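Novice: Take a look and give me a structure for this.
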Amino acid sequence: MDNLAHTLVGAALGRAVADRKAPAAGWIGAIAGNAPDWSELLVSPGAWGGAPGSAPAYLVYHRGITHSFVGAVIEIVVLTGLVGLILTWRTRADAGARPPWRWIAVCVAAAVASHLYLDWQGSYGLRPFLPWSGRWYYGDWVAIVDSFFWAVPLVALAWGSRRHWAPALLVLLVMSGVTTLVLWTGRSIVAAWVRLGVTALMAACVVGWTKHWFGVAGRRRAAVYGLLLLAAYAALQGAASAVVKARSRDAAVRRFGPGATWAALTQVGRPFHWEPVWASPDSIAGPGWAVPRHLDTPAVRQALATPRGRALAQFARFLAADVDSSGNELRVFLRDARFDPTARRGSWAAVEVRLR
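Specialist: Take a look at the predicted model:
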């Protein structure tokens, strides 16, 4: 999911599991909740510049080793050590004070694990068994961007914040951004009931903070309630998706035979709605559209052997290609039909390979 969701859910988890046990548990959770993403920049910093003809770094490294079980363990150990050392340095003047290592580890581990779960539950997926297996796993439950994963933890964090201008200002800034994205920027794609629900949650956020429904004394309880509500919401989508997946599988078999592959892709802004995609070795189809894959074309096979081709091939869930021979050289456009079903030029989920 997006990093705002990882931050807010991580902060809520930090409070839920380690409030009053570890200092700044919410902040620790917020940082650890994004660890698999920001640690990608540390795996191969030079690759993100991108040399001409090289494999796009976001296809090679994103959702890579840092999003695996091995990477998560390393991130938990390293981040726990760093936080513990910082707390040790801060309390060095207090003789006998020791950082609560156990609670720091629990806080960091819960937040890092939440990142892997949130990424798995969508249609983008992750590869948890790297470096031994590059297989992708997809939950196809919740969209990669879901406004309730912003609003619900934000309300829980706000209700448990101090009655001081600094946390109030921070909550107000995030709340304004969420409201703007949902009500104005996303008006064309966000369902009406979602806009209404987010508006109601933002109103409850203000009223709850003003009336001091939980406050600092009850902030752990508020975080737990918010996380339970999110878990129930995700579970409902998971249960509903099972029906859609069964229908998608049956439709794929009817169209392409028993060897067909299929998916029920989540839709941003429309929870509880999925787009079916069906594929055979020769073509990919969805409701109202169908495209050839062209994967057996010699030029495409040659393009897939290049660094750029291999990068997209290991990333794509529904790989398709087009060949342009109108110039002095062949241009092969490789794309993931999951994100680019109609061969748009310039899509982030596509690469161009030039062959002489």
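
Novice: outside of the helix or strand containing residue 170, which residues touch it?
Specialist: Remark: residue 170 resides in helix 165-180, with elements defined by DSSP states H and E. With contact meaning Cβ atoms under 8 Å, 6 or more residues apart in numbering, helix 165-180 is reached by 4, 8, 147, 150-151, 154, 157-158, 161, 198-199, 202, 205-206, 209. Heads up, the C-betas are built off the backbone N, CA and C, glycines and all.

Novice: Please, a ChimeraX command that selects the buried ones among the residues you listed?
Specialist: Selecting only the buried entries of the contacts of helix 165-180 in ChimeraX, with 16 or more other Cβ atoms under 10 Å as the criterion:
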select :4,8,147,150,151,154,157,158,161,198,202,205,209
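
Novice: Low-confidence ranges, the stretch 51-200 of the chain, go.
Specialist: 51-55, 92-97 (pLDDT under 70).

Novice: Tell me where it has helices.
Specialist: All helices of the stretch 51-200 of the chain, identified by DSSP state H, counting those that start in this stretch, fall at 57-61, 69-90, 101-120, 148-159, 165-180, 192-210.

Novice: Dump these to TSV, plus distance to residue 242.
Specialist: Shown next, in TSV, are the helices of the stretch 51-200 of the chain (distance: least, Cβ to Cβ, whole Å):
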stretch	distance to residue 242
helix 57-61	30
helix 69-90	25
helix 101-120	16
helix 148-159	20
helix 165-180	30
helix 192-210	22
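
Novice: Run through who's touching stretch 216-230.
Specialist: With Cβ under 8 Å, 6+ apart, stretch 216-230 has contacts from 9, 12-13, 15-16, 19-20, 148-149, 152-153, 155-157, 159-162, 213-214.

Novice: Residue 351 - that's part of a strand, no?
Specialist: Yes - using DSSP: H, G, I helix; E, B strand; the rest coil, the secondary structure at residue 351 is a strand.

Novice: related to what we said a few turns ago, most tightly packed of the helices of the stretch 51-200 of the chain?
Specialist: The highest average neighbour count among the helices of the stretch 51-200 of the chain, using mean count of other Cβ atoms under 10 Å, belongs to helix 148-159 at a mean of 25.

Novice: Quick one: distance of that helix to the chain centre.
Specialist: With Cα atoms, centre = their mean, to the nearest Å as the basis, helix 148-159 stands 17 Å off its chain's centre.
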